[in-house]
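Asker: Need the 3D shape of this:
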Amino acid sequence: MFGAISLLRQRNFGLLFAGRLVSYLGNAMAPVALAFGVLDLTGSASMLGLVLAARMLPNVVFLVGGGVIADRLPRSVVLVGANTVAGVTQAVVAALLITGQAEVWHLIALEAINGASFALLHPADSAVVPQTVPEEQLQPANALLGLGRNAAMILGAALAGVFVGAFGAGWAIAADAATFFIAAAILSQMRGIEAAAAAGASFLADLRAGWSEFTAHRWLWTIVVQFSLMLVGFFGAFEVLGPVVAERDLSGASSWAAIVGGQAVGLLAGGALSLRWRPGRPMLVATVMVFTNALPIAGLALGLPLPALVAAAVVNGIGMEVFGVLWFTALHEHVAREALSRVSAYDALGSIALSPLGLVAAGPMADAIGVDTTLWLGVALIVAPTAAVLLVPEVRRLRSRPLIVEAAA
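Answerer: Numbers count the residues shown, from 1 in each chain. Below is the predicted model:
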């Protein structure tokens, strides 16, 4: 644990950790503040859906392009620019809400720009870690970043509630804007982060080269396909129907908060576990951990009591975080670094591409076949593709690169 924390003394990694911590604090505040800002303005859930969709759509549209840019330019520069753009858009949203001048089309346009900035930020953020620490320290570095992210997300969500309740949604979004500017200032102090790849013959040529690197690793693209299906089941069953079951069978919002809180505790515990545990076959272990996503959903379908559901959520959080640390470490160790941002973009795009289907279809499906049956369908969408991925030899056999080097020595 203390060895991992010593990584913070390495200049660029320490700055990346601090910048991420502040940025994620704001990211956690944004959804809560924006939701109440739109509802206060319009009173319409449909309008809120339009604003949130406007923020999400550019992520999908510009993500792979963001990967090309993050490979061509120094990734620290991309991070500073993306955080600055995000800060400006949120500052304008805050000013419009505070002064009472906001209209829905203002928020849609500004959040679309904010979403586009994230499409630039994510590939650079995912790929810059190997440029800040030695290869043998990648897993503890990713675990430490995960711990900081999860702690910031928990604190940010709580702060958003306080800000919205005490000062209003506009001031909460203003605080969110400030975190982006602070993060940009911190990340601008990084030194020696050079462009990973020279500009190719064309933008399309760079896209094709990134795609070739993505498809060259069978373990990688099969797990991305797995997640494209698994997240449909998880988001639809857990995010949409979980609160429905909590309202129907438990004590409502307080019960659901306890379940989500248990998941957050598990995320922190999984990060702490990943600081020290380095399995020899990381993708085998990571894939097994994906099964934990089915536990709280199955518990909801079975009508288990609240303590059992919270325990299932804790285990789920541990599994999610262990998977995330092992996954990003495998990407950093086995993917060509000059294409890592593009591969990260294809990974994110493929994983989330079908997710909105789960969110949209869960309610109508529950009306048609029943809530419990739809929950079991969600379990099946998690278990079946995950079991199938375990049949892929490259997933079972992939080894951690530092352990390969140690074995060779």
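Asker: Burial check on residue 251, number of neighbours?
Answerer: 12 (other CB atoms under 10 Å). In short, each C-beta sits where N, CA and C put it, glycine included.
Asker: Same question for residue 397.
Answerer: Around residue 397 there are 11 residues (other CB under 10 Å).
Asker: quick one: it and residue 281 touch, right?
Answerer: Yes. Between residue 397 and residue 281 there is a contact under CB atoms under 8 Å: 6.7 Å.
Asker: got any ranges where the protein has weak pLDDT?
Answerer: In the predicted model, the chain carries pLDDT under 70 at residues 1-4, 44-49, 52-53, 196-201, 252-253, 401-409.
Asker: Where do the helices of the stretch 251-400 of the chain begin and end?
Answerer: Here the stretch 251-400 of the chain has its helices, by DSSP state H, counting those that start in this stretch, at 253-274, 282-290, 294-302, 306-334, 340-352, 355-369, 371-389, 393-397.
Asker: Return the distance of stretch 76-95 from the chain's centre.
Answerer: 19 Å (CA atoms, centre = their mean, to the nearest Å).
Asker: list the buried ones in it?
Answerer: Across stretch 76-95, burial judged by 16 or more other CB atoms under 10 Å covers 76-94.
Asker: Mark which of the residues you listed are part of strands, please.
Answerer: Judged by DSSP state E, strands contain none of these.
Asker: Take those residues and keep only those in helices.
Answerer: With DSSP state H as the criterion, helices contain 76-94 from among those.
Asker: so where does residue 195 fall, helix or strand?
Answerer: For residue 195, there is no enclosing helix or strand under DSSP states H and E.
Asker: Start the count at 30 instead of 1 going forward.
Answerer: All set: I'll call the first residue 30, so the last point we hit is now residue 224.
Asker: Now do the contacts for it.
Answerer: By CB atoms under 8 Å, 6 or more residues apart in numbering, the residues touching residue 224 are 100-103.
Asker: now it: how far from residue 390?
Answerer: 42 Å (CB to CB, to the nearest Å).
Asker: Over to residue 111?
Answerer: The value you get for residue 111 to residue 390, if CB to CB is used, is 32 Å.
Asker: next one: residue 165
Answerer: For residue 165 relative to residue 390 (CB to CB), the value is 44 Å.
Asker: same thing with residue 213?
Answerer: Taken as CB to CB, the span from residue 213 to residue 390 is 39 Å.
Asker: In the longest helix along the chain, which of the residues would be classed as buried?
Answerer: Longest helix of the chain, by residue count under DSSP H: helix 40-71. Within helix 40-71, the residues that count as buried by 16+ other CB under 10 Å are 41-59, 61-67, 70-71.
Asker: now do stretch 135-144
Answerer: 135-137, 139-144.
Asker: Nearest to residue 233, out of the residues you listed: which one, please.
Answerer: Nearest to residue 233 among these, counting by CB to CB, is residue 144 at 23.1 Å.
Asker: The residue nearest to the closest one when sequence neighbours are not counted: helix or strand, and which one exactly?
Answerer: Excluding the flanking residues, the one nearest residue 144 by CB to CB, 6 or more residues apart in numbering is residue 87, at 3.8 Å. Taking DSSP H and E as the criterion, residue 87 maps to helix 74-101.
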